[in-house]
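K.L.:
Here is a sequence with its predicted model. Questions after.
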Amino acid sequence: MAIVTFWRGDQTWEMQAEVGQRIFDLAHQLEAPVDTTCNGVGSCIKCKVKISSGALSPPTALERDRLGNIFHITHERMACQSYVTEQDVKLEIPQTRKPRSRFIKRKSSN
Ligand code: FES
């Protein structure tokens, strides 16, 4: 058993989890706002979470293929490819980026 904590800003979601449970499934059980458009099959890469402390299972081949080795630097992992270990883990859910506005506000010239 391990304690898995998700956080974003000042909100937290926490639960005890069994070793081997998928982080993506836990987030959805807790209704933590981990993003997805592929529903956990590993194709959208929108489910990233960032490890604040603790550890997750080693990256899967699919995750290494999708993220490259950058997770060593960013500590970001794909929730649908990450599993609970015996260590408690704290995961930041990144803010979703708003799409850039197509219209640029121009300064008025006086
Ligand atoms: S949920 Fe789409 S890649 Fe993880």
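P.N.:
Perfect, thanks for sending it.

K.L.:
distance between the worst-scoring helix or strand of the chain on mean pLDDT and the chain's centre?
P.N.:
Lowest by mean pLDDT, DSSP states H and E among the helices and strands of the chain is helix 71-74, with a mean of 86. Averaging C-alpha positions (C-alpha atoms, centre = their mean, to the nearest Å) puts helix 71-74 13 Å from its chain's average.

K.L.:
Next, see if it gets close to the ligand.
P.N.:
No. Using C-beta under 6 Å from any ligand atom, helix 71-74 never reaches the ligand; the gap is at least 13.4 Å. From N, CA and C alone the C-beta is placed, and that goes for glycine too.

K.L.:
For that helix, give me every contacting residue.
P.N.:
Outside helix 71-74, the residues within contact range by C-beta atoms under 8 Å, 6 or more residues apart in numbering are 50, 59, 63, 77.

K.L.:
In strands only, show me those residues.
P.N.:
Among those, the ones falling in strands (DSSP state E) are 50, 77.

K.L.:
Fine by me, thanks again.
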